[in-house]
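*Asks:* Predicted model follows, preceded by the sequence.
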Amino acid sequence: MTAKIKNTKAAKPVAKKAAVKGTRVIKVDELSRVEGEGALTVRVKDGEIQEIKFRIFEPPRFFEAFLRGRSYAEAPDITARICGICPVAYLMGAEQAMEQALGIRITKPIRDLRRILYCGEWIESHVLHAAMLHAPDFLGLDDILQLAAKNREVVEKALKLKKLGNDILEVIGGGRAIHPVNTRVGGFYKIPDKKALKALIDPLKWGIEASVEITKLFGTFDFPDYEYDYHSVSLHNPDEYAIVEGRIVSNRGIDIPVGEFFDHFYEEHVEHSNALHGRTVKDKKPYLVGPNARYNNNYKQLTKLAKSVAKDVGLGPVCNNPYQSILVRMIETLYACEEALRLIQDYEEPDRPFIEAEVKASEGAGCTEAPRGICVHRYKIDNRGLILYANIVPPTAQNCPQIERDLLGVVRENLGMDDESLKLRCEQTIRNYDPCISCSAHFLKLTMIRE
Amino acid sequence: MTSAKRKIAKKSPPPVKKAARFRPKIAVWKFSSCDGCQLSLLDCEEELLDVVGAIEIGYFLEATRAVIAGPYDVSLVEGSVTTPHDIERLKKIRAQSKIVVAIGACATSGGIQALKNFADVEEYTRAVYAHPEYIHTLKTSTPVADHIQVDFELRGCPINKWQLVEVINALINGRAPNVPHYSQCVECKRAGTVCVMVSRGIPCLGPVTHAGCGNLCPASDRGCYGCFGPMETPNTESLSKQLSKVGMDRRSIRDFYRSYNANAEAFRKAGEG
């Protein structure tokens, strides 16, 4: 594959004078190539930024309210409906929380199956975003169809790679990739067919090659020159690149069990958004979750191949250029292919599909690395197993303040651009986060401010 | 209740046009939803380039920033109506679309968020928001057909992507979509799946649920949980007795009906018991 695709629309600088005087308003009323409904307003007066608002107008769906009174066993399937792109993050976060509440310890084979399933979701979601939604920004194109007209081979390869992720989800998830039906508190309803799993070995070997090629192609893009000293927050697991479980850690010294998340992070309800905005308790500042945060915190645990490809495309052990998140997503896709392959090659069937326990009044928390970052669940249940309280913190809500902070920095550095170019750059900046607006707005909960 | 005035065309949707190389202009619209149903279109990985070769995408925000102005030959509508603004948007969509297809449980019944129809929405808002005054939402979540005429409804939470391809294909070729209305039970029988309720006493909504998912849950050793909503003329009374026999209490039976299609008339009534 050769890098035949070049950006056709380079940003045009405008005369300096025009950029400095008068009021400019950049508006994107309907943000495209993101999941859900969002909008952006930037107001600049006499060269000074007056206002930046990343608005989420996706209407609220009240999940945490209507979960009250439902059985603990229903939480995974119900919360999966928060997001059609990353249902596994919700299934597993809820399952983990309920397992902690009931004292269920899952077996290694069940744990491995969950990790393989999650690799499928990372592949599917990352390739959807990187190739279909984000890459067009770097090429000055409107969508992947225009890209297909220029280079059909690369688009077909990306679609096939995305399908590989969905195939994993279908084999383990009971036949469908969106809202899989086979997972439950304690494990799975049915042990997935071993033959069907083994049949994924060759496609995964192909997937590793394809991920390397696509990563290298994306490595030829021109990345806007912008960096920020992020507070990266992610899971960390001493034994592996964390996906399904671990402690919550940050590059500024946070290292806590999942259940203490709410002591260190809070969400505030701002008027311009139906998503709550996440901040740190300590200094009330934005923080970053998602691929770059994971990469920054857990780089050492990537495979040799993933590290070497990262180096080939110009990434060091830390990536603080948000536009290069497209590369990090592809490196994680490569890692997920390698990891799923390893786990499937070593796979031994569990002796039973799920572990059960007596229902009791209790509470529990769960957290996994959704493709867009940590997704935290906390529930309280009564002695009949009915939910008394539910609290779910999706990754995009946590990233909202950081998205606004990035926009501020990017607009400040690019005031010389004409409106159309600046608008595109702002859209691209938001898309760096692969924002899942459906998720973030569907989470509506009490704001906890700890003074 | 609102569903009494559901406006669904009795006949099959009219053919778009029969000409051989005609590419219908399609728009995809989103209301309150998880995005999963429109994602089904992008999940047609192997067929995607062929499908988009056969149609013209006029408006599909999740996939492209390019917009071609209406009118549209076909509008696919995902999501349920939860704000006053939604109703205005729907009317505009209807006015510029020859055919409107509602896709998924949200658009055809109100979705999981219709659970608020059974509750006090002001209390919900106070429970989850620090500033309830910032929130503008209707008291109910309702299907598209409660507000505008819908030409075809495709069921599922999420929809089955093969059924979506079938509907698009049928519309392009001017024939009725081949989407069966029988129950999930028929799918099990045809697939040779042993009945989980009869053989193992696992509660199952299969006898009253619309077919279409592809026989997923019973084949995974669990009971159907009703993603595709009620079939035509379901006998929920009889099923409720059976659910009680296999050990479900009244509350569990009510909640079983009240999930992704809680506001669909047959399930709503069954849930009220």
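*Replies:* Yes, it's here.

*Asks:* can you give me the helices in the stretch 1-150 of chain B?
*Replies:* B:36-42, B:45-54, B:84-95, B:104-109, B:121-128 (DSSP state H, counting those that start in this stretch).

*Asks:* Return the most buried member of those.
*Replies:* Most buried of the helices of the stretch 1-150 of chain B, by mean neighbour count (mean count of other C-beta atoms under 10 Å in any protein chain shown): helix B:104-109, with a mean of 33. For glycine as for every other residue, the C-beta is placed from the backbone atoms N, C-alpha and C.

*Asks:* Is there any residue in it that contacts chain A?
*Replies:* No - Helix B:104-109 lies out of reach of chain A by C-beta under 8 Å from any C-beta of the partner chain, never closer than 8.7 Å.

*Asks:* That helix - contacts with which helices or strands?
*Replies:* helix B:36-42, strand B:72-78, strand B:152-154 (3 or more C-beta pairs under 8 Å, 6 or more residues apart in numbering or on different chains; DSSP states H and E).

*Asks:* Make CSV out of those and add mean pLDDT and distance to chain A.
*Replies:* Shown next, in CSV, are those (pLDDT from 0 to 100; distance: least, C-beta to the nearest C-beta, whole Å):
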stretch, mean pLDDT, distance to chain A
helix B:36-42, 92, 2
strand B:72-78, 96, 9
strand B:152-154, 96, 14
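
*Asks:* Secondary structure class of residue A:204, three-state.
*Replies:* helix (DSSP: H, G, I helix; E, B strand; the rest coil).

*Asks:* shouldn't it be in contact with residue A:339?
*Replies:* No - judged on C-beta atoms under 8 Å, residue A:204 makes no contact with residue A:339 at a distance of 9.5 Å.

*Asks:* Name the residues contacting each of the two.
*Replies:* By C-beta atoms under 8 Å, 6 or more residues apart in numbering or on different chains, residue A:204 and residue A:339 have no common neighbours.

*Asks:* Contacts only, for residue A:109.
*Replies:* Contacts of residue A:109 by C-beta under 8 Å, 6+ apart are A:347-351.

*Asks:* Using CSV, lay out those together with pLDDT, distance to chain B and secondary structure.
*Replies:* CSV is the format used below for these (pLDDT from 0 to 100; distance: C-beta to the nearest C-beta, whole Å; DSSP: H, G, I helix; E, B strand; the rest coil):
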residue, pLDDT, distance to chain B, secondary structure
A:347, 94, 18, coil
A:348, 91, 20, coil
A:349, 93, 15, coil
A:350, 95, 14, coil
A:351, 95, 16, coil
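
*Asks:* Neighbour-wise, give me the winner out of those.
*Replies:* Greatest neighbour count in the contacts of residue A:109, by other C-beta atoms under 10 Å in any protein chain shown, goes to residue A:350: 20 neighbours.

*Asks:* Surely that residue is in contact with residue A:111?
*Replies:* No - assessed by C-beta under 8 Å, residue A:350 is found out of contact with residue A:111, at 9.4 Å.

*Asks:* Just give the number of residues close to residue 207.
*Replies:* Just so you know, I chose chain A. Neighbourhood size, residue A:207 [other C-beta under 10 Å]: 27.

*Asks:* Chain B is the one I meant
*Replies:* Neighbours around residue B:207, by other C-beta under 10 Å: 20.

*Asks:* ok, it to residue B:213 distance?
*Replies:* Per C-beta to C-beta, to the nearest Å, residue B:207 is found 15 Å from residue B:213.

*Asks:* repeat for residue A:410
*Replies:* Going from residue A:410 to residue B:213 by C-beta to C-beta gives 44 Å.

*Asks:* okay, now the domains of the chain?
*Replies:* Going with chain A. When chain A is parsed with automatic domain parsing, its domains come out as A:18-56, A:63-441.

*Asks:* nope, chain B please
*Replies:* Domain segmentation of chain B under automatic domain parsing yields B:2-173, B:184-272.

*Asks:* hmm, back to that, among the helices of the stretch 1-150 of chain B, which is nearest residue B:143?
*Replies:* Evaluated with C-beta to C-beta, the helices of the stretch 1-150 of chain B place helix B:104-109 nearest to residue B:143, the distance being 5.3 Å.

*Asks:* what's next to the closest one, contact-wise?
*Replies:* For helix B:104-109, contacts defined as C-beta under 8 Å, 6+ apart pick out B:31-34, B:36-37, B:77-80, B:102, B:111-113, B:141, B:143-145, B:153-159, B:227-229, B:260-264, B:267.

*Asks:* Any chance of the domains of chain B in TSV with distance to residue A:46 as columns?
*Replies:* Listed next are the domains of chain B as TSV, based on distance: least, C-beta to C-beta, whole Å:
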stretch	distance to residue A:46
domain B:2-173	30
domain B:184-272	52
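
*Asks:* Of these, which shows the lowest average pLDDT?
*Replies:* Of all these, the minimum mean pLDDT falls on domain B:2-173 (a mean of 86).

*Asks:* Can you give the distance from that domain to the centre of its chain?
*Replies:* Taking C-alpha atoms, centre = their mean, to the nearest Å, one finds the center of domain B:2-173 at 9 Å from the center of the full chain.

*Asks:* So which residues on the stretch 51-200 of chain B come close to chain A?
*Replies:* So the stretch 51-200 of chain B meets chain A at B:52, B:57, B:61-66, B:82-83, B:86, B:111-113, B:115-116, B:119, B:121, B:123-125, B:127-131, B:134-135, B:137, B:141, B:157-158, B:160 (C-beta under 8 Å from any C-beta).

*Asks:* try it again with 7 Å
*Replies:* Listed as neighbours of chain A in the stretch 51-200 of chain B under the rule C-beta under 7 Å from any C-beta of the partner chain: B:52, B:61-66, B:82-83, B:112-113, B:115-116, B:119, B:124, B:127-131, B:134-135, B:137, B:157-158.
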